[in-house]
Every structure is written in structure tokens, then in C-alpha cells.
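**Student:** Next come a sequence and a model predicted from it.
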Amino acid sequence: MPSSYASPCVPPRLRRGARPRGGGRGGFSRPRDPSSRLLPADEARNGDAINFEAYESVPVEASGKDVPAPVNTFNEADLDEGLKRNIERCKYVKPTPVQRHAIPIVSAGRDLMACAQTGSGKTAAFCFPIISGILKGRYRSGFSSIPSPGAAIAYPAALILSPTRELSCQIRDEANKFAYQTGVKVVVAYGGAPITQQLRLLKKGVDILVATPGRLVDIIERERVSLTKIKYLALDEADRMLDMGFEHQIRKIVEQMHMPPPGIRQTLLFSATFPNGIQKLASDFLSNYIFLSVGRVGSSTELIVQKIEPVQDMDKRDHLIKHLRRQSVHGFNGKHALTLVFVETKRGADVLEGWLLRSGFSAVAIHGDKVQMERERALRSFKSGVTPILVATDVASRGLDIPHVAHVINFDLPRDIDNYVHRIGRTGRAGKSGLATAFFSDKNSPIAKSLIGLLQEANQEVPSWLNQYAEGSSSGGGSQGYGAQRYSSGGSYGGRDFRNVIEAEVENNNCYSTNVNADHAVESYYTADDASYDIQNSNIDSSFDTLNIASAGSYNHTDFCELNGAGRVEEDGPLGYASIVATGWD
Ligand SMILES: Nc1ncnc2c1ncn2[C@@H]1O[C@H](COP(=O)(O)OP(=O)(O)OP(=O)(O)O)[C@@H](O)[C@H]1O
């Protein structure tokens, strides 16, 4: 049985005085001095208070054999000195809980499956030990791992895979900041951008390759990258990377393209959600791994105030306008707080964008049918505050770290509770508060149960009318159809390592009196039917970058093509609307 520890987090007090991380920038950029980042004027003047105390009460559990002890400071961590200087430059004063635990685990050479809430610093948690490990390996062997310029094939030491182009660019930007002046070279490869440019950069040498799966397969098949020297494999949004949309491609990359096997390479899986079915599947890629959960697996942070409003489909636009008008009044320094509006379909995104523009609101849409330049332009315009409303499909639901998103509106609720967790996680990041409003119409009843569980778990108000929907619906709207059980207790935190659940179940079946959380019983792998609803409807944005997936033989659908990336509101008070929206520009 895997050993485990559970610990409360030491309350770190942090101030972040620098520009929140950039991301989603298209094209290629040189490593920048992390201390010379552009700051919005207000932020540069005032510093940007980060309330990491918010994570104080989040329970942490790590299970597996011989789990390395967490660190309390970056200095304590076994990290390269140059990297530590960059961490300082980034004004990362203290590690976040996931960093405190993950960094020593990875530095000790262990495989890791880590689940931590949205906006809690997972990117640095895998980037720091990777960069440090590459540098240390270089010192040990006495030569640079960068291939000689002009070499035909690049041999990266680390591969970081992510589901969307924008997220890959964001990770590249982050890694570049952390690797500043260390000599560690980071290159990004993603679909929708000219491959020749990416190949040119690869030719100059690469230590860390950040990529979307489709473009990576393409580059490997062109024999421009070899995975034979991979020491670190990291999957960001790992549960997404291993679900029906990507599993085939990931298996191909990891198992059939000469990557060193588990045990030789180190494998790191990170996400805010980790359904048990995916955990099981993921264990194929891991060796003697540690499962780390910061907060309950798949839970949302209490920093996000969640409001669920009953709205008939035909009234949604009026409700949206009310919210946006109220926001204009409560805006900060004459600016609107950034609002991210999620819709279900690509067409729906275009239609809503057009309607908002006609109604006098500055809005822009992003979805998988837009060409990459349009996607990048939309994101840039939103992030800079020039266009304060972004209408998006799930292409923008995962990983994107957009500063100042004060309000996420689920104009259309997703069918899957995990998607909801990721969507609302675009606000309330890095210790900041945020507001998430969902328009709940009759057709959303399948998600009602999971939603209630999630709200209870995050100490949010559950509107009484929602219970009626939950009672009336049989399914849970949960990720891969298991959310109902998952959130049925709405209860306290518990271990979520599926290995422990299995053992506990076996013991239970053998009539031992072990106390098992029945609501976390192992789900069976979800079926193709469960996962494919969004594949069948060509208008729904499956939103991930799956270039070549059709040729890979997994799916043959237009959505998986080159261009696809693939309540009541309180007015005031401590958790009121005004205070929350204003924090977006604090
Ligand atoms: N130790 C730290 N000190 C200060 N800021 C930090 C620290 N770690 C991360 N951050 C900042 O917190 C923000 C969120 O981090 P990150 O994007 O890595 O979250 P995440 O856990 O990957 O979120 P998601 O689940 O949405 O992908 C970023 O702006 C990042 O720069």
C-alpha cells in the first residue's frame, strides 16, 4: 500500500509586485529579463497584492512510496542558483502549496501526478525542477545539451505537452522567464503557425520543447526532433491530454516515438481535475509515482464567488446585458473589469460577439474556427483591456492565465463539471478573488447534482431551486459521467489517489471495516459515447489543437483539424459584486 502524508499548508504571505504572467502570445519571443516585464501603470505603482493566505486552509495529501518532504522556501529547495535568481526576479517570494510539495518530489527524480486548484502555480511547479535538472545534468556531464547549431535533428531534454496553442505559448513564455540567462533554450511548436519558423528555431537547439500534440507528431515524422534523449515529460492539463480527444496521439508520442520508457524518463502530470478513470489510464505512463493533491481533486477555489442564476434560454442576452451594465458602473479607473463569457458553440460565440457589438459593448470572440492570427489578436486585445469582453468556447477554458479577469460568465453551462471548474478558474487566480456567474436553464439539469456538490465543497451558497433540478435528474453531469457520485457528499477533503481507493475497495469487499469514501469509488473508463458528444456536433468547439488526429486514425471529424485549437448577484458587501469586480484592477 502506498504510504502517504497529509499536511495542512503553512500560510505563506506573499506579495507579487510584478506583472502577472503573460501568455497566449503568438509567434516566438526571446527570453526576457523577468524583472523587466511590462506592468500596467497602476500595478507597477502599487504592487499587486497576492493573498496566498487564501490557500492556507487547503489540505495537501501526497501518497506513494517514500514521499520527499515539502520545502517552505525556494532557497530550501534543491534548485540551481541561476534559477533561484530568476525566481527572485519574478518576485516569487514564497512557493505556493503545490510548489512546496511538487518541487522536492520532482527534484528527487520521482514521477508525479499532481492535482491542484486553478491558478495555484502549477506551471512553475513543473518548470522549476525541469530547468534546474537540465542545468545540473549539464554541469555533471560537463557539456552543453544544446545540439550544435545546424544539426538536422533536435534532441530536447524535456517535453511539455499542452492541449491548446495559446497555453503552449504561455508555458513557453513562463519557462523563458525562469530560464533567463541560464542557457536553457525553450522552443514552442504548435499548429496554425508556419512550421518553417518553428523548425528554424529547433535547428538552433532546444532543451525544453513545449508543444501541442498534433504539431509535435508532424515535426517528429519530418525527423526534425528526436525524443530519444527526453529526461522529463510533462503533461499540463493532463486529464484533458489523456481523454478521448488526445489519448491516441499521446500514446503514439510517448510509446511509439522512441521516448525513453517510464523509470528512465521522469513523467509529470498536472491538472486541476483528475477523474479516476484518467488516473488509471495515466498510470501506464508513470513509474513508482507520487500522487499529490492540493485541495480536493477537481474542486474549485473558495476565492471564486459562484452565483447560479435561473435563466430561460431566450432571456440570457438580457441577463448578460444587465451584468455588463452593472459592471460598467463599478468599473475601475474608467476601465471595465475583464469579463470572460463562455458559450457552447463556435457559431454561438460569433453570434453573441456580433450582438454585443451592436448593443454598444466592446467584445471579441475566440474559438477554434478562427485562424491563429485572429485568435492571438483577440486574446491580446482582451488581455490589454482594449476589448474588455471576451466571448469564448472551451478553447479558452484551460490554463490561460489572464490577469484581471474579474468575472467569468457561463452564458451556456458546460455539460461536464470539470469543464466548469476550469472555466471559472480563469478568475480568482493566484490568491485573488473573482466572480463566476452561471446562467442555468432547464436543459442544464444533468449537471445540477455535480454543481451542487461543487458549490457545497467550495462553501458557496446553493440556491434552493437548484435542488429540484438535481432531484429530477438521474445523471450527474460529471466528468465522464461520474460527477454525481463524486460530489454527492459535498463533504470534506479526502485522499484521491485512485490506488488507495482501489485498495480500500478491495478491503471493503473482503469485509474489512476500513472506512471508505463511497462517493469516490473508482469509476470505470468512460465510453466513447460519453466523451464524444462534442465530436458529433461540429459546431461545438472541442477547442484543442489536434493537427493530424484524423490521419492518426483516431477521429475523422472537422472539429479536429488544423485550425481548431482544437442566483442572485449582491450589489455590495464583502462578497458583493462591486468589491469583487473592482479587485480585477487593484
Ligand atoms: N510562488 C509564486 N509567487 C507569486 N506568484 C506566483 C507564484 N506561483 C505562481 N504565481 C503566479 O500565479 C498565477 C497562476 O499560476 P499558474 O498559471 O501556474 O496556475 P495553474 O495552477 O497552472 O492554473 P490552471 O489550473 O488554470 O492552469 C500566475 O500569474 C503565476 O505567475
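**Tutor:** Thanks, I have the structure now.

**Student:** so where do the helices sit in the stretch 251-400 of the chain?
**Tutor:** Assigned by DSSP state H, counting those that start in this stretch, the stretch 251-400 of the chain shows helices spanning 276-282, 316-330, 346-358, 372-383.

**Student:** which one of the ones you listed has the most crowded surroundings?
**Tutor:** Among the helices of the stretch 251-400 of the chain, helix 276-282 has the highest mean neighbour count (mean count of other C-beta atoms under 10 Å), at a mean of 22. (Glycine included, C-beta is placed from N, CA and C.)

**Student:** Low-confidence regions, the stretch 201-350 of the chain specifically.
**Tutor:** Where the stretch 201-350 of the chain drops to pLDDT under 70, the residues are 297-298, 329-336.

**Student:** try 90
**Tutor:** Residues of the stretch 201-350 of the chain that meet the criterion pLDDT under 90 lie in 244-245, 276-277, 295-303, 325-337.

**Student:** For the ligand, what is the nearest residue in it?
**Tutor:** Going by C-beta to the nearest ligand atom, the ligand is nearest to residue 272 of the stretch 201-350 of the chain, at 4.2 Å.

**Student:** how close does that residue get to residue 161?
**Tutor:** According to C-beta to C-beta, to the nearest Å, residue 272 stands 17 Å off from residue 161.

**Student:** So which of these two has more stuff around it?
**Tutor:** Remark: of residue 272 and residue 161, residue 272 carries more neighbours, 28 against 24, as counted by other C-beta atoms under 10 Å.

**Student:** Grab the nearest non-local neighbour of the more buried one.
**Tutor:** Once flanking residues are discounted, residue 272 sits nearest to residue 118: 4.7 Å by C-beta to C-beta, 6 or more residues apart in numbering.

**Student:** Over to that neighbour. Which of the three states is it?
**Tutor:** coil (DSSP: H, G, I helix; E, B strand; the rest coil).

**Student:** Show me the protein divided up by domain.
**Tutor:** 52-294, 304-470 (the TED database).

**Student:** out of those domains, which comes closest to residue 500?
**Tutor:** Among these, the nearest to residue 500 by C-beta to C-beta is domain 52-294 (6.0 Å).

**Student:** what ranges do the helices span in the stretch 51-200 of the chain?
**Tutor:** 81-89, 97-107, 122-141, 165-178, 195-203.

**Student:** okay, those helices in CSV with mean neighbour count next?
**Tutor:** Supplementary listing: these in CSV, determined by neighbours: other C-beta atoms under 10 Å:
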stretch, mean neighbour count
helix 81-89, 18
helix 97-107, 26
helix 122-141, 22
helix 165-178, 27
helix 195-203, 16
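
**Student:** For the ligand, which of those helices is the nearest?
**Tutor:** helix 122-141 (3.3 Å).

**Student:** can that closest one be found next to the ligand?
**Tutor:** Yes. Using C-beta under 6 Å from any ligand atom, a contact is recorded between helix 122-141 and the ligand, made by 122-124.

**Student:** what helices or strands is that helix leaning on?
**Tutor:** If contacts are counted by 3 or more C-beta pairs under 8 Å, 6 or more residues apart in numbering; DSSP states H and E, helix 122-141 sits against helix 81-89, helix 97-107, strand 112-116, strand 158-161, helix 165-178, strand 208-211, strand 232-236, strand 266-271.

**Student:** quick one: contacts for the closest residue to residue 386 other than its chain neighbours?
**Tutor:** Spatial nearest neighbour of residue 386, chain neighbours left out: residue 362 (7.7 Å); criterion: C-beta to C-beta, 6+ apart. Contacts for residue 362 (C-beta atoms under 8 Å, 6 or more residues apart in numbering) come out as 336, 386-389.

**Student:** and of these, the nearest to the ligand?
**Tutor:** Among the contacts of residue 362, and counting by C-beta to the nearest ligand atom, the member closest to the ligand is residue 388, at 19.1 Å.

**Student:** Would you quantify the distance from that closest one to residue 165?
**Tutor:** Residue 388 is 23 Å from residue 165, where distance means C-beta to C-beta.

**Student:** for residue 114, same thing?
**Tutor:** 23 Å.

**Student:** Residue 407 contacts residue 342, doesn't it?
**Tutor:** No. The criterion here is C-beta atoms under 8 Å, and residue 407 misses it with residue 342 at 11.4 Å.

**Student:** these two touch, right, residue 201 and residue 187?
**Tutor:** Yes. Residue 201 sits in contact with residue 187 when judged by C-beta under 8 Å, with a separation of 5.0 Å.

**Student:** near the ligand, which residues of the stretch 151-300 of the chain show up?
**Tutor:** residue 272.

**Student:** let's go with 8 Å and repeat that
**Tutor:** The stretch 151-300 of the chain comes close to the ligand at residues 167, 170, 174, 236-237, 270-272, as judged by C-beta under 8 Å from any ligand atom.

**Student:** ok, now the stretch 401-550 of the chain?
**Tutor:** 401, 403, 422, 425-426, 429-431.

**Student:** distance between the ends of stretch 408-426?
**Tutor:** Chord length of stretch 408-426, first to last residue, is 7 Å (C-alpha to C-alpha, to the nearest Å).

**Student:** Let me see the mean pLDDT of it.
**Tutor:** The pLDDT scores in stretch 408-426 average 96.

**Student:** again with stretch 465-484
**Tutor:** The average of the pLDDT scores along stretch 465-484 is 64.

**Student:** Specify the beta-bridge partners of residue 435.
**Tutor:** On the basis of DSSP bridges, residue 435 is bridged to residue 305, residue 407.

**Student:** Number of residues surrounding it?
**Tutor:** Neighbourhood size, residue 435 [other C-beta under 10 Å]: 29.

**Student:** Would you agree it is in contact with residue 304?
**Tutor:** Yes. Checked against C-beta under 8 Å, the pair residue 435 and residue 304 is within contact range at 7.2 Å.

**Student:** Need the pLDDT of the residue in the stretch 301-450 of the chain positioned nearest to the ligand.
**Tutor:** For the stretch 301-450 of the chain and the ligand, the shortest gap (C-beta to the nearest ligand atom) falls at residue 430, measuring 3.3 Å. As predicted, residue 430 sits at a pLDDT of 86.

**Student:** That one contacts residue 119, correct?
**Tutor:** Yes. Using C-beta under 8 Å, residue 430 is in contact with residue 119, at 5.4 Å.

**Student:** circling back to that earlier point, so which of the helices of the stretch 51-200 of the chain gets nearest residue 153?
**Tutor:** That would be helix 195-203 among the helices of the stretch 51-200 of the chain, by C-beta to C-beta, at 8.8 Å.

**Student:** which SS state does residue 412 fall under?
**Tutor:** Three-state call for residue 412 (three-state DSSP): coil.

**Student:** what about it, neighbour count?
**Tutor:** The local packing of residue 412 (other C-beta under 10 Å) involves 23 other residues.

**Student:** Spit out the contact partners of it.
**Tutor:** Contacts of residue 412 (C-beta under 8 Å, 6+ apart): 342-345, 348, 439.

**Student:** Turn the helices of the stretch 51-200 of the chain into TSV, columns for distance to residue 299.
**Tutor:** Converted to TSV, these look like this (distance: least, C-beta to C-beta, whole Å):
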stretch	distance to residue 299
helix 81-89	28
helix 97-107	13
helix 122-141	15
helix 165-178	21
helix 195-203	37
